[in-house]
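> sharing a sequence plus its predicted fold:
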There are 2 protein chains.
Amino acid sequence: MLRELRKGTAGLLLLDLLAAQPMYGFELAEALRERTNGVLTFKEGTLYPALHRLEAEGLVKPFWQDSPRGPRRRYYRLTARGRKALAERREHWHTLVEAINGALDTGNGTLSPQSRGGTTVSEAR
Amino acid sequence: MLRELRKGTAGLLLLDLLAAQPMYGFELAEALRERTNGVLTFKEGTLYPALHRLEAEGLVKPFWQDSPRGPRRRYYRLTARGRKALAERREHWHTLVEAINGALDTGNGTLSPQSRGGTTVSEAR
DNA sequence: CCTGCTACCTAGATATTCTATATACATGTT
DNA sequence: AACATGTATATAGAATATCTAGGTAGCAGG
C-alpha cells in the first residue's frame, strides 16, 4: 500500500540515525541534513511528534542529560525492539521502493527522465 | 521534505502508466498490480480522487468510451503538461529516494542483518 | 535588558490514503 | 423475472503524517 510510504519514512530515518548512538532531537535534525546534503530536513513539527511516537511504540527510550551550555537535551536510545523494527522497516522500505522503481522502469523503455524522444513504448499487456 | 514522498506517489505512478497510452481507472489498477507483482495496488478511494486531482491540474484529460460489455469507461490521456510533470516527478522521486537510501547506507556500515544480497535500489541517473 | 542561539514542545491546517458504501450496466444462472 | 457476479466509476468520512506557526526556556555576549 502506498500509505506505508508516508507512514514510516520519518520513523525509519530516526531509528537508523539512532542505531549508531543515542542522540537528541536537534542533533538528529542536523545529522539528517548533513547526510542528505540538505535534501531532507526534519522540521520540529515532524521531528518531535515522530520521536514521541517511537517512544510510545517502545522503539526508543529517552533520557535527559545536561548540556555544557544551553538547555538540557533529551537523548533517545534504541531499544531491542527498536533495533528489530529498524531491520523490518528497512526491508519494507526497500520492497516498496523497488516495486515503484520497477513499475516506473517498465513504464517506458528509457531510464533517463529527459530523453523521452517521443517513441511511444507500445508494450503488450 | 518528507511530505513530497507522500504527495506524489500515486500521481507519479498514474502519470507513468498513462505515458504509454490512454487507460481507464480499472485498467490502471490492474496494470499497477501486475507490474508490481501485487506489492502495490490502487484502492478505489485512492485511485479516483488521484485521477481527479491530475485532471484538475491539467495533467490528464479524460474522455468517455463505451465498453464492448459492461458500463462505459473513462479513459485518461496525458496532456503535454502531464508529460512534463511526469519527467519532473520522476526526477524528484529519484532524488528523494537516493537521499534516503544514502542516509540509510551511511547510517551503519552494515546493510540489513539478513543482508538482502546486493539489491541496491539506487540507480545511476 | 535584549538579542541570538540552542533546545524542546504543541495546536491547528493541510494533504493523502484507506474504509466503506453507492450507483449502474451486462451477463449468466435459477 | 429475479438474482448474483463482474465490471466500472464515484464519494463521504476516518485515520494519519507532515508542515506552519507559534510558545517556553536556558545560556552567553554586548
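Cool, got the structure. Residues are numbered from 1 along each chain as shown, chains lettered A, B, ... in the order given.
> which strands and helices sit next to the longest helix along chain A?
Taking DSSP state H as the criterion, chain A has its longest helix at helix A:80-107. Judged by 3 or more CB pairs under 8 Å, 6 or more residues apart in numbering or on different chains; DSSP states H and E, the packing partners of helix A:80-107 are helix A:3-20, helix B:3-20, helix B:25-35, helix B:80-107. Where you see a C-beta, it was placed from the backbone N, CA and C, and this is true even at glycine.
> could these go into TSV alongside distance to DNA strand C?
Formatted as TSV, the helices and strands packed on helix A:80-107 follow (distance: least, CB to the nearest atom of the strand, whole Å):
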stretch	distance to DNA strand C
helix A:3-20	3
helix B:3-20	3
helix B:25-35	11
helix B:80-107	11
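> tell me the pLDDT of residue A:114.
Note on residue A:114: pLDDT of 38.
> repeat for the one 10 residues further on
The model reports residue A:124 with a pLDDT of 31.
> likewise residue A:68?
Note on residue A:68: pLDDT of 87.
> wasn't it part of a helix?
No - secondary structure of residue A:68 (DSSP: H, G, I helix; E, B strand; the rest coil): coil, not part of a helix.
> just the C-alpha atoms of stretch A:20-31, please, in CSV.
Extracted in CSV, the C-alpha atoms of stretch A:20-31 (Å, rounded to 0.1, in the frame of the first residue of the first chain):
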residue,chain,number,x,y,z
ALA,A,20,24.9,4.2,15.9
GLN,A,21,24.5,6.0,19.2
PRO,A,22,22.0,7.9,21.3
MET,A,23,21.2,11.4,20.0
TYR,A,24,18.9,14.3,21.0
GLY,A,25,16.4,16.0,18.8
PHE,A,26,18.4,18.9,17.5
GLU,A,27,21.3,16.6,16.8
LEU,A,28,19.2,14.3,14.8
ALA,A,29,17.9,17.1,12.6
GLU,A,30,21.5,18.3,11.9
ALA,A,31,22.6,14.7,11.2
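> average pLDDT for that stretch?
Taken as a whole, stretch A:20-31 has an average pLDDT of 95.
> before we move on, what about stretch A:82-94?
On average, the pLDDT along stretch A:82-94 is 92.
> how about that stretch: buried residues?
By 16 or more other CB atoms under 10 Å in any protein chain shown, the buried positions in stretch A:82-94 come out as A:82, A:85, A:86, A:89, A:90, A:93, A:94.
> what's the burial count for residue A:81?
Using other CB atoms under 10 Å in any protein chain shown, residue A:81 has 13 other residues around it.
> that one and residue A:36: what is the separation?
26 Å (CB to CB, to the nearest Å).
> repeat for residue A:78
20 Å.
> higher neighbour count, these two?
residue A:78 (23 against 20).
> from what I see, the more buried one and residue A:84 are in contact.
No - the criterion here is CB atoms under 8 Å, and residue A:78 misses it with residue A:84 at 9.8 Å.
> chain center to stretch A:11-31: distance?
Centre-to-centre, stretch A:11-31 and its host chain are 10 Å apart (CA atoms, centre = their mean, to the nearest Å).
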